[in-house]
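A.B. asks: Provide a 3D model corresponding to the input given below.
(one chain, ligands or ions: 2)
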Amino acid sequence: MLQGLTTLLEEVVTFIVVAAMVLWLSPVVGAASILPLAFAFIFIRNYNRRVKSVYEGVRRRLGTIGSFLQDRLAGIQVTQSFAREAAEEQQFATRADEFFRTSVEASRLRNSYFPVVSFFGFLNNLVMLGVGAWLIMEGSGWFSLGALIAYRGFWWRLQSPIRTIAQTSDILQRARASALRVLELLDAPVTIADRPQARCWDAGQGRVEFQDVSFSYLPGKPVLAGLSFTVAAGEFVAIAGGSGSGKSTLLNLVPRFFDTTGGSVLVDGHDVRAFTLASLRSEIGYVGQDNYLFSGTVEANLRYGRPEASQAEWEAAARAANAHDFILGLPAGYDTEVGQNGVKLSGGQRQRLSLARAFLTRPRILLLDEPTASVEPESEALIHDSILRRTREGLGTTLLVTHRVDLLRQAPRILFLEGGQLVGDGRHAELILSCPEYADAYHRWEETEEAGTGHSA
Ligand SMILES: Nc1ncnc2c1ncn2[C@@H]1O[C@H](COP(=O)(O)OP(=O)(O)O)[C@@H](O)[C@H]1O
Ligand SMILES: [Mg+2]
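C.D. replies: Numbers count the residues shown, from 1 in each chain. Ligands and ions are numbered 1, 2, ... in the order given. Model prediction:
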C-alpha cells in the first residue's frame, strides 16, 4: 500500500519536473507536446485504478476459492459420508469460473496497456519532432538541436510507470500457480470408486455382514484379521475393544471409506462394492468423535446431507438428537453462525448437531465412533438417550463404538475386539462371565470413569 503510494507520488513528481524542464527549454514545443503527454498521464492514472480493482477482484476471488477449499477439504470426510461430492464440485466450479473470468479480464486489460502507451509515445514524439524541427529550421533561435535531444531524454523517464505496471503481472503469475496446484489436487487418483457395473442400493433393510474380513493400511501389517459377524436389520450393536484394536477401521469399511484387503462386507446380502458409492453412503450415517462443521449457519449444517428437507423434518431431526433446545438458546437460533469448524459451539453441542445432521438423512445404517469421547457429561447423557431412542423406534441398524460402561450394560449385544479379531460377541452379562478379555477391559473402563477421567480415555 505504502509502496504503491510512493510509486504514484514519484510518477506525479516526475511528470511535473519533466513538464517544467520542457517548458523552460521551449515553451512552444513544450506546450505542443505536453498535450498528448497529459492524455497519456490521465490514461495511466485511470488504467492504474482499473487494473488495481481488477487485480483486487482476482485476488478476492482466489481468496474465496482458497477459504472454500480449506473449509471443504477439512470437511471432506463429512462430504463423502453424505455423498455430497457432486454438489460441492458444482459450487467449486462456480467459484473457479468467476475467478477465470476476472483473470481473463485482467490479462486483457494488461495487454491493452502497452499498445495505448506506445501510441501516446508515438504521438508525443511526432509532435515534438515536428514542432522542434520546424522551429529549428525557421532559425528563430527559440529552439536548438541540443534542446531537442535533452527533451527526448526526459521523455524516457516516463518509462518507469510502465515498469511498475509490468510488475503487477507477477500477481497474476502467482494466481496461476495456485490455480495449477488446485487442479493437481483435483486430478489426484481416486482409489475408491464405483465399479463399472455398480448398482443403486435402494430401500435397503440395513443388515450388515462381515465375511472373513481382513484389512491392512500398510502391506504386511494386518489391522483386522478374519472378522466374521452379522448384524440384523434394525439391531443395535456396541463395538468395544482397547485402543488400536481396529474398531474405527471396522466402521470405516461399511461406507467404503476404505476397501477390505480380504473377505467382504455385505449390506442386505450384497457386497458393498456392488453398489454405487453415492447410494451406499446416502443410506449410511456416520458420526465420529470429531465431526467437521462447515462455516455457515446451524441450519445450513443441519441440512447439509439433505438440503431439500422441510423445516418440520429438520426440526424433528434436531429434536431427535436432543439439539433443538440448545439451538433455540443460541443468539440467532437456527440462523446462528457456527464459525469455522463450529468453534462457537461446545463439544457436546457440535456432537448433537452432527447427530441431528446424520438423523435428517434417515440412514438405514448409523455408524457411531465414540461420539461422546470429548463431550461434557450433560451432553453425553442426551446423546446416549437419542441413540437408544432411535433403536427403540426401529429407525434402523446402529453400530456404536464405545467404552462407556452404562451403554455397554444397556446394549442388547456387544462385539468385543482385540488385536483386530473378534474375541467376544454377546450381552454384557454374558461376556463378563465368558470372555476374560472383555471382563478385564470393562473393569478398567469402569475404574477410569469412577476416577472421573473417562472422557479422555
Ligand atoms: N490411516 C491409517 N494408516 C495406517 N495405520 C492406521 C491408520 N488408521 C489406523 N491405523 C492403525 O490401525 C490400527 C487400528 O486402528 P483403529 O481402527 O483406529 O483402532 P481403534 O479405533 O480401535 O482405536 C492401529 O494400530 C492404528 O495405528
Ligand atoms: Mg478409534
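
A.B. asks: Have a look at this structure and report the helix or strand with the lowest mean pLDDT.
C.D. replies: When the helices and strands of the chain are compared on mean pLDDT, DSSP states H and E, helix 160-186 comes out lowest with a mean of 58.

A.B. asks: What pairs with the next helix or strand after that one, parallel or antiparallel?
C.D. replies: Using DSSP states H and E, the helix or strand that follows helix 160-186 in sequence is strand 208-218. The strands beside strand 208-218 in its sheet (DSSP bridges) come out as strand 221-231 (antiparallel), strand 262-267 (antiparallel).

A.B. asks: Run the chain-centre distance for strand 208-218.
C.D. replies: Relative to the chain's own centre, strand 208-218 is displaced by 30 Å; criterion: CA atoms, centre = their mean, to the nearest Å.

A.B. asks: hmm, it touching ligand 1?
C.D. replies: Yes - with CB under 6 Å from any ligand atom as the threshold, strand 208-218 lies in contact with ligand 1, specifically through 217, 218. Where you see a C-beta, it was placed from the backbone N, CA and C, and this is true even at glycine.

A.B. asks: Enumerate the positions of that strand that are buried.
C.D. replies: 208, 209, 210, 211, 213, 214, 215, 216 (16 or more other CB atoms under 10 Å).

A.B. asks: Quote the end-to-end distance of stretch 327-342.
C.D. replies: Using CA to CA, to the nearest Å, the span of stretch 327-342 from its first residue to its last is 13 Å.

A.B. asks: Show me what that stretch is in contact with.
C.D. replies: Stretch 327-342 is contacted by residues 71, 74-75, 292-293, 295-299, 301-302, 318, 344-345, 350, 353 when judged by CB atoms under 8 Å, 6 or more residues apart in numbering.

A.B. asks: Likewise for stretch 411-430?
C.D. replies: Applying CB under 8 Å, 6+ apart, the set of residues contacting stretch 411-430 from outside is 215, 222-229, 235-242, 245-247, 249-250, 400, 408-409, 431, 434-435, 437-438, 441-442.

A.B. asks: That one and ligand 1, are they touching?
C.D. replies: No - counting by CB under 6 Å from any ligand atom, ligand 1 has no neighbours in stretch 411-430; the shortest distance is 6.7 Å.

A.B. asks: If we ignore the residues flanking it in sequence, what's nearest residue 216?
C.D. replies: In space, residue 216 comes closest to residue 222 once its chain neighbours are excluded; the distance is 4.7 Å by CB to CB, 6 or more residues apart in numbering.

A.B. asks: Wait, that neighbour touches residue 246, no?
C.D. replies: No - the criterion here is CB atoms under 8 Å, and residue 222 misses it with residue 246 at 9.3 Å.

A.B. asks: quick one on the thing from earlier: show me which of the contacts of stretch 411-430 are buried.
C.D. replies: Buried positions within the contacts of stretch 411-430, assessed by neighbour count (16+ other CB under 10 Å), are 215, 222-225, 227, 229, 235-242, 245-247, 249-250, 400, 408, 431, 435, 437-438, 441-442.

A.B. asks: So which of these are in helices?
C.D. replies: For those, membership in helices holds for 247, 249, 250, 408, 431, 437, 438, 441, 442, with DSSP state H as the criterion.

A.B. asks: contacting residues for the first one?
C.D. replies: Just to be clear, that refers to residue 247. 239, 240, 241, 369, 401, 417.

A.B. asks: go again using 7 Å as the cut-off
C.D. replies: Taking CB atoms under 7 Å, 6 or more residues apart in numbering as the criterion, residue 247 is in contact with 239, 241, 401, 417.

A.B. asks: And the pLDDT at the closest residue in space to it that isn't next to it in sequence?
C.D. replies: Setting aside the residues directly before and after it, residue 247 is nearest to residue 401 in space (CB to CB, 6+ apart), at 4.4 Å. What the model reports for residue 401 is a pLDDT of 97.

A.B. asks: Just to check, residue 401 is in contact with residue 249?
C.D. replies: No - with the criterion set as CB atoms under 7 Å, residue 401 and residue 249 do not qualify as a contacting pair; they are 10.3 Å apart.

A.B. asks: Tell me the residues that contact both of these two, please.
C.D. replies: Counting by CB under 7 Å, 6+ apart, residue 401 and residue 249 have no common neighbour.

A.B. asks: what sits against residue 442?
C.D. replies: Going by CB under 7 Å, 6+ apart, residue 442 touches 405, 408, 432.

A.B. asks: Just want to check the distance between it and residue 432.
C.D. replies: 6 Å (CB to CB, to the nearest Å).

A.B. asks: per the record, what domains does the protein have?
C.D. replies: According to automatic domain parsing, the chain comprises the domains 2-186, 208-283+363-450.

A.B. asks: so which of the ones you listed is the most packed in?
C.D. replies: With neighbours taken as mean count of other CB atoms under 10 Å, the domains of the chain reach their highest mean count in domain 208-283+363-450, at a mean of 18.

A.B. asks: Would you mind measuring the gap between the ends of that domain?
C.D. replies: Span of domain 208-283+363-450 from end to end, CA to CA: 34 Å.

A.B. asks: And the strands paired with strand 208-218: which comes nearest ligand 1?
C.D. replies: For ligand 1, the closest of the strands paired with strand 208-218 is strand 221-231, at 4.1 Å, according to CB to the nearest ligand atom.
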